[in-house]
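>>> Have a look; sequence and predicted model below, questions after that.
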Number of protein chains: 2
Amino acid sequence: MSERKPRTGQSRTTLSDVANHIGVSAITISRALNKPELVSEALRQRIDDAVQLLGYVPNRAARALASAKSHSVVVLVPSLSNTVFVDTLAAIHDTLQPAGYQMLIGDTRYSPQAEEKLLRTYLEYNPDGILITGFDHTPAAQTLLQAAAIPTVHMMELAEQGDSPCVGFSQYDSGYALTRFLLDKGYRRIAFLAAQLDPRTLKRGEGYRAALREAGLYQPHRELAEASPSSVGLGSRLLDRLLLQAPDCDAVFCNNDDLALGVLFQCQRRHIAIPQQLAIAGFNGLDASAWSNPSLTTVDTPRYDIGKAAAAMLLQLMAGKAPAATRVDLGYRLLARDST
Amino acid sequence: MSERKPRTGQSRTTLSDVANHIGVSAITISRALNKPELVSEALRQRIDDAVQLLGYVPNRAARALASAKSHSVVVLVPSLSNTVFVDTLAAIHDTLQPAGYQMLIGDTRYSPQAEEKLLRTYLEYNPDGILITGFDHTPAAQTLLQAAAIPTVHMMELAEQGDSPCVGFSQYDSGYALTRFLLDKGYRRIAFLAAQLDPRTLKRGEGYRAALREAGLYQPHRELAEASPSSVGLGSRLLDRLLLQAPDCDAVFCNNDDLALGVLFQCQRRHIAIPQQLAIAGFNGLDASAWSNPSLTTVDTPRYDIGKAAAAMLLQLMAGKAPAATRVDLGYRLLARDST
DNA sequence: TGCTCGAAGGTTAGCGCTAACATTCGGCAA
DNA sequence: TTGCCGAATGTTAGCGCTAACCTTCGAGCA
């Protein structure tokens, strides 16, 4: 007949502590906090005071378990050190926070395998929604997503088939357009520098290639790709390598403003006149590119708006409503500046 | 005698589904997954197969509720768009992930009020530990931290009093040292440009002031501060303003490499020779500062190592062990380059 | 042979909360 | 006066999991 040891040490204040304190039932406290319109004004006031006094903090785990809703959203991005995704995250945060949703941020490091692992882990949290970057997932991850049957919005790219909800712009088109712009400016020997070979980078590269092929000007040796992350230093190094294997090029399309800045710096060191001897174009519209000498032509991408729109669409889906559109193309903006 | 409606729709596979499937009890499945050494080899294999087959995904909320451990850690940083904190986050991630802890990332946007709100929200998750930036918290936040009695490590700064666990370096010393360096180089009219006036920026400013006062060279009108976030563009604008109110200065201490780069670009436009007419020093050792022309003198800060050490210390504390030291000073590194 | 012991697995209860249904009670129309 | 309604609050039963304790059984040993 021995009493079993209780499981808790000194635990935190619970709902029923508050309830006992003012002599009502626990559910009333729960209601006062979550659906205040169902509780009378006077009682609600007393409850608020007691909550304050006792320092009551609700327990999310218990709430999630009882209500089968976690009020959390998984957000998977390839990198936290890339401004592109940081801006998108900020927008998502700004949209989901007021709606009462928490973000569970996962950094996939550009690896579909890591993404699958993160997805598996985060599904344990019973998220109410998922925001995921692009469409390049492992088969297992796709199965997981399907099986979980949780509202999901894909960001940054547009679905090429199927009707998966997505918000982004055409990476291919943007690469094509920037190359076209350089061609129209009269450049004929246009090189392409890329780092961090993620699917979006590759698609922009395809756009570049298509534009040059159409013009009959494509030369594989003017393309230089490096799998390591983009950085200013890498841009400088890539320029040196490029000039070894293709000394005659008259313009460089850098897949990223970091690279473009590094190319610019290296050209200064090598006394290559920009844009007279070599034109430089970057990608993503980073702050610095507007202020360098000369300022850098770049493609401004709607990162913040993508986050905003994707989160808004997800809120619709989670509320069981059909969003106005499930495929949102936010386009891009070519910023022609002094480097071309 | 009416049957009550069941609460679940088509819910996910649970532990007991797996248990029923192979004819053992639920607790055995739980053990096979969490403490595999307590289950026989053969049975464990059968369980693993069944888990695979049924696509079972554990429910974190239920586990957290039953075990009173959430296996999550709250990480509060002032900004997600500042490389400094992103690098720190990456390190934290790299340390906590293998130990089975999830990060709940909160972006306080440099506001103690927002920090307090985030803290309140995240405490609902019953985190097992907290990593928080600096020591500048609201009184209510301090009370919350104290009352929660959860292991907490402060990052980036060092406690000036008390024995709160902390990992960082002396912001004051680093500002003092960089100013001293400029003085030793012979500069006498040293200006200070700051943005995003967070406590760390302010402490570096104090170091700057102290060094100049000691040398009898402090002039308030050579200090220029702007509350908006640091950026390259802001650096360019601040230089213009500085030269209006203090045209005679011979060196600029920029609180941030972004600003320094903007100053450099603006000097190029104004045909001010660096470092002959004006020396420039930055802070934080960003990639670009090593590659600009001229390369920028800066102070490299151990952001990654801070994250690593803070997370490691937190793991110790969460395990109930006493860490080797609770006040870890990781120092900083002055990188003298061509701009001074 | 009888006993102990530890490995392997089971039983029970409950973590803190909320969905679903039940009850109470005052107001008000017929 | 009856009866009905809706606002305000209560009761009950779990959500899915694991801590704590319990049972079984075969190996090992005196």
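Looks like it arrived, so ask away.
>>> The nearest residue to residue A:156 once chain neighbours are set aside: what's it in contact with?
Leaving aside its chain neighbours, residue A:156 sits nearest to residue A:168 (4.5 Å; criterion: Cβ to Cβ, 6 or more residues apart in numbering or on different chains). To be clear about C-beta, it is placed using only N, CA and C from the backbone, and glycine gets the same treatment. Residue A:168 sits next to A:154, A:155, A:156, A:157, A:158, A:306, A:328, A:329, A:330 when contact means Cβ atoms under 8 Å, 6 or more residues apart in numbering or on different chains.
>>> Then residue A:190?
Contacts for residue A:190 (Cβ under 8 Å, 6+ apart) come out as A:179, A:182, A:183, A:208, A:212, A:217, A:222, A:249, A:250, A:251, A:252, A:253.
>>> rewinding a little: for the residue nearest to residue A:156, what are phi and psi?
phi 180, psi -150 (degrees, to the nearest 10).
>>> Which of the residues in the one helix or strand residue A:312 maps to are classified as buried?
Using DSSP states H and E, residue A:312 maps to helix A:303-318. Within helix A:303-318, the residues that count as buried by 16 or more other Cβ atoms under 10 Å in any protein chain shown are A:303-318.
>>> Would you check how far apart the residue nearest to residue A:156 and DNA strand D are?
Per Cβ to the nearest atom of the strand, to the nearest Å, residue A:168 is found 35 Å from DNA strand D.
>>> partners of that residue in the sheet?
Beta-bridge partners for residue A:168, by DSSP bridges, are residue A:156, residue A:329.
>>> Quick check: residues of the stretch 51-200 of chain A near DNA strand D?
Contact residues (Cβ under 7 Å from any atom of the strand) of the stretch 51-200 of chain A with DNA strand D: A:62, A:65, A:66, A:68.
>>> now with 10 Å?
Listed as neighbours of DNA strand D in the stretch 51-200 of chain A under the rule Cβ under 10 Å from any atom of the strand: A:61, A:62, A:63, A:64, A:65, A:66, A:67, A:68, A:124, A:126.
>>> who's in contact with residue A:184?
Per Cβ under 8 Å, 6+ apart, neighbours of residue A:184: none.
>>> distance of it from chain B?
Separation of residue A:184 from chain B (Cβ to the nearest Cβ, to the nearest Å) stands at 28 Å.
>>> again with residue A:36
18 Å.
>>> May I ask you to confirm that that residue is in contact with residue A:47?
No: taking contacts as Cβ atoms under 8 Å, residue A:36 lies outside contact range of residue A:47: 9.2 Å.
>>> which stretches of the stretch 201-340 of chain A form strands?
Using DSSP state E, counting those that start in this stretch, the strands found in the stretch 201-340 of chain A span residues A:223-226, A:251-254, A:279-281, A:298-300, A:327-329, A:333-335.
>>> tell me the most buried of those?
The highest average neighbour count among the strands of the stretch 201-340 of chain A, using mean count of other Cβ atoms under 10 Å in any protein chain shown, belongs to strand A:251-254 at a mean of 30.
>>> Can you work out which other helices and strands pack against that one?
Judged by 3 or more Cβ pairs under 8 Å, 6 or more residues apart in numbering or on different chains; DSSP states H and E, the packing partners of strand A:251-254 are helix A:171-184, strand A:190-195, helix A:232-245, helix A:257-269, strand A:279-281.
>>> from those, which stretch is densest packed?
Of the helices and strands packed on strand A:251-254, the one with the most neighbours on average (mean count of other Cβ under 10 Å) is strand A:279-281, at a mean of 28.
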